[in-house]
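1. generate coordinates for the sequence data below:
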Amino acid sequence: MKITAAEITISAVKPEQYPAGELPEFALAGRSNVGKSSFINKMVNRKSLARTSSKPGKTQTLNFYLINESFYFVDVPGYGFAKVSKQERQAWGKMMETYFTTRGQLRAVVLIVDLRHPPTKDDCMMYNFLKHYDIPTIVIATKADKVPKGKWQKHQKIVRETLNMVAEDELILFSAETGQGKDEAWSALQRMM
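-> A predicted model of the protein is given here:
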């Protein structure tokens, strides 16, 4: 897909702040520091549209990125080890749950996991939550460039089995460094628009 325009339009914490209109939306979920911002930047060919940070837990709102004026990427707060209070984490959880379960424009959730390690308990909880609400899910296993090619299949199998993935959900190996998996990711998203 050729990207001609990409901009962050709004950071929202409640439904009345979501963008108006009927454009399709794709939410990006994953633990803190898994590479959601790097995924967005690679997909839209920008170095710093989404701010990357070495400090986990930077994203604390739903960040809506308008792409080609035709759909949105929605970056949601990362889960896992962000250094925030339990209260704050619960507030994020509620905000994300509201968005995931009530937003009609949501076409799919892109769940980003780290190919180098088995999915965490939080990854499994997120995947189960999405399946419970019948939300289409694309699993992106990032940092593929850090795993020797000969071990990709083994790592993919671990991801599939740990998440207990349903057959129709796609698993795409991705690298923000090399761009590997970018075309497959765009194809998967376009099929859901």
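2. contacts, neighbours, all on C-alpha from now
-> Will do.
3. I'd say residue 12 and residue 65 touch.
-> No. Taking contact to mean CA atoms under 8 Å, the distance of 11.4 Å between residue 12 and residue 65 leaves them out of contact.
4. between those two, who's got more neighbours?
-> Taking residue 12 and residue 65 together and counting by other CA atoms under 10 Å, residue 65 has the greater number of neighbours (23 against 18).
5. excluding chain neighbours, what is closest to the more buried one?
-> Take residue 65 and drop its neighbours on the chain: the residue closest to it by CA to CA, 6 or more residues apart in numbering is residue 8, 4.2 Å away.
6. could you look up the SS state of the one you found?
-> Following DSSP: H, G, I helix; E, B strand; the rest coil, the label given to residue 8 is strand.
7. can you pull out the low-pLDDT segments for this structure?
-> Judged by pLDDT under 70, the chain has its weakly predicted residues at 51-59, 80-92.
8. may I have the beta-bridge partners of residue 108?
-> With DSSP bridges applied, the residues forming beta bridges to residue 108 are residue 26.
9. find the residue at the geometric middle of the chain.
-> residue 28 (2.1 Å; CA atoms, centre = their mean).
10. where does that one land in three-state SS?
-> When the structure is reduced to helix, strand and coil (three-state DSSP), residue 28 reads as strand.
11. now do the contacts for it.
-> With CA atoms under 8 Å, 6 or more residues apart in numbering as the criterion, the residues that contact residue 28 are 36, 73, 74, 75, 76, 109, 110, 111, 112.
12. much appreciated, bye for now.
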